[in-house]
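Just need the structure, nothing else, for what follows:
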Amino acid sequence: MELKTPCSSSAVDGALRGAFIGLCWGLVIDTNSATVESGVIQKATARSSIGVASSVGRAALGFSAFLGIYNLVSCNFETIRGRKDPFNNFMGGAAAGALFGLSSKNPRTIAATAIGTGVMTSAVTMLQLGPER
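So this is what the prediction gives:
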């Protein structure tokens with residue numbers, strides 16, 4: 001008998017992984033964008049360092065929220081349905097995508113973001129599972 005990890009643990013795992021990914025993303029991407037402005041490389045100052053730290057924090061929080069919600073919803077759908085298939089991942093991706101679509105306050109944008117993210121996450125799952133499923 002296989003022991004199932006509780007969904008809350010899966011959500012925390014996703015959030016921690018997301019925070020690490022966001023930290024790396026922010027350090028690599030935001031550091032470069034903060035030091036190069038209009039094609040001119042600027043000398044690093046305390047003010048630009050605060051801006052980079054803020055950007056890194058936002059990236060870490062965003063990735064953390066996305067993966068935490070994705071893992072929580074996907075796990076709960078798997079538990080409720082009793083099946084491990086791409087539909088669970090679609091619902092997790094849709095929930096996480098809808099959260100980020102809320103910033104637009106436009107229902108069509110929210111729906112498009114949710115559906116698009118759900119399709120992408122389920123497509124990745126189908127590629128991982130292979131042709132046998």
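
what helices or strands is the longest helix along the chain leaning on?
In the chain, taking DSSP state H as the definition, the longest helix is helix 46-81. On a contact count with 3 or more Cβ pairs under 8 Å, 6 or more residues apart in numbering; DSSP states H and E, helix 46-81 meets helix 7-25, helix 31-35, helix 86-101. Where you see a C-beta, it was placed from the backbone N, CA and C, and this is true even at glycine.

Tell me which helix or strand in the protein has the weakest average pLDDT.
Across the helices and strands of the chain, mean pLDDT, DSSP states H and E gives its lowest value to strand 36-37, namely a mean of 52.

which one of the helices and strands packed on helix 46-81 is the most hemmed in?
Using mean count of other Cβ atoms under 10 Å, the stretch among the helices and strands packed on helix 46-81 with the largest mean neighbour count is helix 86-101, at a mean of 22.

hmm, who's touching it?
62, 65-67, 69-75, 77-78, 81, 109-126, 129 (Cβ atoms under 8 Å, 6 or more residues apart in numbering).

Which residues belonging to the helix or strand following that helix are considered buried?
Toward the C-terminus, helix 86-101 is succeeded by helix 107-129 as the next helix or strand (DSSP states H and E). For helix 107-129, burial by neighbour count (16 or more other Cβ atoms under 10 Å) applies to Ile110, Thr113, Ala114, Ile115, Thr117, Gly118, Thr121, Ser122, Thr125.

For the first one, give its distance to Pro86.
So that's Ile110. To Pro86, Ile110 is 22 Å away according to Cβ to Cβ, to the nearest Å.

Can you mark which positions in the longest helix of the chain are buried?
By neighbour count with 16+ other Cβ under 10 Å, helix 46-81 contains the buried residues 52, 55-56, 59-60, 62-78.
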